Structures are given as C-alpha cells and as structure tokens.
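> I need the structure of the sequence given here:
(one chain, ligands or ions: 1)
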Amino acid sequence: MNHKNRKLFIFDLDGTLIERVQEPDGGTRPANTPDEVKLLPGVKKKIAELREQRHIVAIATNQGGVAWGFTTEENVWSVLNEVDKQCGRQFCSRKACFYDPSARHGLLDTRPEYASHTIFRKPWPGMLFQIMMELDFDQDDVFYIGDQPSDLETANRAGVKFRNAEFFFKPTPPDAGIGRRGEQAEQEE
Ligand SMILES: [Mg+2]
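This is a model prediction of the structure:
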C-alpha cells in the first residue's frame with residue numbers, strides 16, 4: 001500500500017524500549033510485570049516524534065519466558081500495555097504488538113504447549129511479516145530496531161531495514177545540524 005511518506009517502525013522490547021531487570025546475582029532478565037517496566041532513555045521522546053511525523057510504531061518481541069514458565073501470556077500483555085501507557089498510548093492497538101511465547105526446538109523442561117517454535121520466533125521473520133500484513137506496509141517502508149545481533153538477522157530475513165537501538169534513541173546534540181554550522185561559517189566570513 002502507498003502510505004506516501006509514512007514508515008512503519010517495529011521495535012524489539014527488552015533492551016530496546018525498556019530496561020532489563022537487574023537480578024541480585026548480577027544477571028538481568030526481562031520485565032515480567034507492569035511495575036518492572038522502565039523505558040530506556042530517549043524512548044518516549046523519539047516515539048512521540050515519530051508519531052508527530054505520522055509514522056506508525058509497533059513491537060515484535062520473543063517472550064520465551066512463557067515457555068519456560070517464568071511468566072505468562074497475561075503478564076506479557078500487561079507489560080506491553082504498560083509500555084504503551086508510558087509512551088503516551090502511541091502504539092495503536094494490540095494489532096501492532098506481537099510476541100512469540102515459544103522456546104527453541106529441542107529444549108527440555110518447557111511447558112509442552114509452547115515447546116515447539118514457529119516462524120514467528122526471532123530470528124525467523126514471521127512476526128515482522130504479520131505486523132506488515134496487519135498494517136499493510138511493504139518491506140521498503142519498514143524498519144526494525146533492536147539491540148541484539150539476532151535482531152539484525154531478523155530484519156535481514158524479513159527484508160527490512162535495521163537500526164541499532166542505542167544509536168536510534170540517542171538524542172541529536174542541538175548544535176549538530178549542518179545548516180546551523182553553515183550559517184555560523186557564513187557569519188564568520
Ligand atoms: Mg532485546
């Protein structure tokens with residue numbers, strides 16, 4: 001579909017939009033409940049900017065913790081809802097938020113109903129294709145933003161552009177504009 005200049009930005013969740021939760025042993029894990037949701041720096045502002053420019057934002061996240069029994073699908077929805085709330089309700093609907101609750105093939109001790117993965121589990125591109133289909137976007141107009149090499153692989157497999165989350169959300173310094181430097185240079189001449 002022709003969306004004119006509108007683009008679709010699909011985001012990974014953990015380590016991209018929100019912080020991973022610190023564990024007492026020094027490790028980290030994904031947020032499992034709304035009170036654990038903490039947006040990473042720059043996220044709220046950038047999402048608001050994209051929406052002001054009339055772009056569409058969406059989320060695609062693996063949630064293998066469901067298969068492992070660390071969390072439930074209900075919890076995953078409550079976390080996604082909290083992310084949307086903290087971002088000012090910019091993610092249009094459940095249509096734009098996808099997660100895959102399965103674990104990798106062949107892993108033991110997972111809940112049997114989630115033990116077998118599908119094309120939706122990253123780095124397979126199913127979730128991205130699903131969102132693109134639901135929101136009617138072609139690959140040329142889609143970006144996937146993530147923090148892991150597997151996110152890059154997912155974007156490549158889906159045929160969409162990839163952006164590294166750290167750089168994507170970094171604010172542009174106010175004096176970094178070329179035009180502004182150009183103006184300065186002219187004034188100095
Ligand atoms: Mg991540």
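> alpha carbons only for contacts and neighbour counts from here, please
Noted.
> which residues touch Leu152?
144, 146, 162-163 (Cα atoms under 8 Å, 6 or more residues apart in numbering).
> mind redoing it with 10 Å?
For Leu152, the residues meeting the contact criterion (Cα atoms under 10 Å, 6 or more residues apart in numbering) are 123, 144-146, 158, 160-164.
> pLDDT score for Phe129?
In the predicted model, Phe129 carries a pLDDT score of 96.
> which non-adjacent residue is nearest it?
Excluding its sequence neighbours, the residue lying closest to Phe129 (Cα to Cα, 6 or more residues apart in numbering) is Ala158, at 6.9 Å.
> how close does that neighbour get to the ion?
Ala158 sits 17 Å away from the ion, taking Cα to the ion, to the nearest Å as the criterion.
> quick check, that residue in contact with Gly126.
Yes - at 7.9 Å, Ala158 counts as touching Gly126 under the criterion of Cα atoms under 10 Å.
> tell me where the protein has strands.
8-11, 21-22, 28-29, 56-62, 97-100, 142-146, 161-164 (DSSP state E).
> which residues of the chain lie near the ion?
Residues of the chain lying close to the ion (Cα under 5 Å from the ion) are 14-15.
> and the helix ranked longest in the chain, how far out from the chain's middle?
Criterion DSSP state H: the longest helix present in the chain is helix 73-86. Distance of helix 73-86 from its chain centroid, counting by Cα atoms, centre = their mean, to the nearest Å, is 13 Å.
> likewise stretch 49-63?
8 Å.
> give me the distance between the closest residue to Thr154 other than its chain neighbours and the ion.
The shortest distance from Thr154 to any non-neighbouring residue, by Cα to Cα, 6+ apart, is to Pro123 (4.4 Å). Distance of Pro123 to the ion, computed by Cα to the ion: 12 Å.
> report pLDDT for Pro123.
So Pro123 comes in at 94 (pLDDT).
> and for it, the neighbour number?
Residues within reach of Pro123, counting by other Cα atoms under 10 Å, total 19.
> shouldn't it be in contact with Tyr144?
No - Pro123 is beyond contact range of Tyr144, at 11.9 Å (criterion: Cα under 10 Å).
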